[in-house]
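# Here is my input; please provide its structure:
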Amino acid sequence: MPVKPESPMPNRYLVLTELFLPTKGGTAVWFDEVYRRLGGKDIHIITADVPGAAAHDRDHPNAIHRLSLARVPWLKPESLLMYLRFLGRALRLALSNRFAVIHAGRALPEGLVAWLVARLTGRPVVIYAHGEELTGWGQGNKYRAMRFALRHADRVIANSEFTQQTLVGMGVEAGRIELIHPGVDTSRFKPGLPFADLRSGLGLGDDALLLLSVGRLSRRKGFDTVIRSLPALLDGGLDVHYAIIGIGEDDAYLRGLADELGVVERVHRLGHVPMDDLPRWYNACDLFVLANRQVGGDTEGFGMVFVEAGACGKAVVAGTAGGTGSAVIDGVTGLRVDAAAVAPVAAALR
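Down below sits the predicted model:
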């Protein structure tokens, strides 16, 4: 009697994502949270080998496969080796496992590889779209490759209405797009966490007001706009301090700007903080702000930090650029303002 081939299990996924814990950032956190809840070792995740990965993976419920995904400057394109490594590992796993679906964390590089592996193995492919990558890559070869992957995916997951509309404008069929707003773990991000040591560590008095921003130190996040707002707030009689959590290319620029404006003692650049401390920092602040703006097509696709702050009971100030309207209800959970200028941000903070 012939044996029927094994059917794929509905929760058996192959996931390709460069961004996964312990890599920093909201997307990496979200993917880790999603897949540890969707299943166990039948979910195979191919991701980047980063410092701290071995300790993170040791007790992870999913099967994690780490690769060196560093870009090579002398290769054309620089990401060629990344594509080949993703392809080799993904194809081997797909041929030895009956995956139900192949998921890609982004259109490039993961989505293009996932599409090829899915077509070679007869599986459907799902690609996540985050927003900023759709508008920040111009109209060249990279954009065309991204558009091809998204238009040929069986499903595309959009994180905001902004991202959804952008996808439709790129020619992705509306019926293939699923809108899923990212969420946060409300057992971690919640009000009532202790924070007195964090504020005292900054030397804050009982009446001091603490603004907080969290994110990569890039120009579109608007950290500089908040720093430029501080003199007006201080002149208005507010004893205000500003804490910034994150690293990035703008660190020296922000330090110089704060020095130039005479507020360097009130701007606290904290770099990375332990994951367990992040919810406590949200509790420690009086107001969360990310004055995001669009810079050269680069914009905020959603803004998980706004949801994290809200889960900790904090009102927020956000820019109107990109998809922040899906994360912030204007006038209810915070204020959305045109953050391309200082005055609207300063007025909202006041």
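
# Show me where the stretch 51-200 of the chain has its helices.
For the stretch 51-200 of the chain, the helices defined by DSSP state H, counting those that start in this stretch occupy 53-57, 80-96, 112-121, 132-135, 141-152, 161-169, 196-201.

# Sorry, wrong one. I was asking about the stretch 201-350 of the chain.
223-235, 251-260, 278-284, 304-311, 342-349.

# wait, which of those helices is closest to Ala28?
Ala28 lies closest to helix 304-311 among the helices of the stretch 201-350 of the chain, at 10.4 Å (CB to CB). For glycine as for every other residue, the C-beta is placed from the backbone atoms N, C-alpha and C.

# List the buried residues of the closest one.
Buried positions in helix 304-311, judged by neighbour count with 16 or more other CB atoms under 10 Å: Met304, Val305, Phe306, Val307, Glu308, Ala309, Gly310, Ala311.

# So for the third one, what pLDDT did the model give?
Spelled out, it's Phe306. On the pLDDT scale, Phe306 is placed at 98.

# any idea how far Pro191 lies from Val328?
18 Å (CB to CB, to the nearest Å).

# An error on my part: the question was meant for Gly26.
For Gly26, the distance to Val328 - CB to CB - is 14 Å.

# just Leu134 next, same as before
20 Å.

# same deal with Lys142?
For Lys142, the distance to Val328 - CB to CB - is 30 Å.

# In terms of neighbours, single out the busier of these two.
Val328 (25 against 15; other CB atoms under 10 Å).

# That one reaches Gly319, doesn't it?
No - with contact defined as CB atoms under 8 Å, Val328 does not count as touching Gly319 (9.6 Å).

# worst-scoring helix or strand of this protein, pLDDT-wise?
In the chain, the helix or strand scored least confidently by mean pLDDT, DSSP states H and E is helix 132-135, which has a mean of 88.

# Could you give the separation between the terminal residues of stretch 294-312?
Stretch 294-312 has an end-to-end distance of 27 Å (CA to CA, to the nearest Å).

# what do you get for stretch 135-145?
14 Å.

# about what we covered before: list of residues touching the least confident helix or strand of the chain?
106-108, 146, 163, 166-167, 170, 294, 297-301, 322 (CB atoms under 8 Å, 6 or more residues apart in numbering).

# Please indicate which of these are buried?
106-108, 146, 163, 166-167, 170, 294, 298-301, 322.

# Can you tell me which of these is nearest Phe288?
Among those, Glu300 lies closest to Phe288 (CB to CB), at 14.1 Å.

# Test my guess that that closest one contacts Gly325.
No - Glu300 is beyond contact range of Gly325, at 10.4 Å (criterion: CB under 8 Å).

# ok so, going back, quick one, which of the helices of the stretch 201-350 of the chain gets closest to His65.
Closest approach to His65 among the helices of the stretch 201-350 of the chain is made by helix 304-311 (25.2 Å; CB to CB).

# Contacts only, for Arg89.
Contacts of Arg89 by CB under 8 Å, 6+ apart are Ile46, His65, Leu67.

# Tabulate those (a markdown table), appending distance to Leu91.
Shown next, in a markdown table, are these (distance: CB to CB, whole Å):
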| residue | distance to Leu91 |
| --- | --- |
| Ile46 | 11 |
| His65 | 12 |
| Leu67 | 13 |
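
# any idea of the mean pLDDT for stretch 84-99?
95.

# Can you dump the C-alpha atoms of that stretch in CSV for me?
What follows is stretch 84-99 as a C-alpha-only set of coordinates in CSV (Å, rounded to 0.1, in the frame of the first residue of the first chain):
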residue,chain,number,x,y,z
LEU,A,84,23.9,33.4,-1.0
ARG,A,85,24.2,32.4,2.6
PHE,A,86,20.5,33.0,3.2
LEU,A,87,19.7,31.0,0.0
GLY,A,88,22.0,28.1,0.8
ARG,A,89,20.7,27.6,4.4
ALA,A,90,17.1,28.2,3.5
LEU,A,91,17.1,25.8,0.6
ARG,A,92,18.6,23.0,2.7
LEU,A,93,16.1,23.5,5.5
ALA,A,94,13.2,23.7,3.0
LEU,A,95,14.2,20.5,1.3
SER,A,96,14.5,18.6,4.6
ASN,A,97,11.3,19.9,6.3
ARG,A,98,7.7,20.1,5.3
PHE,A,99,7.2,23.8,6.0
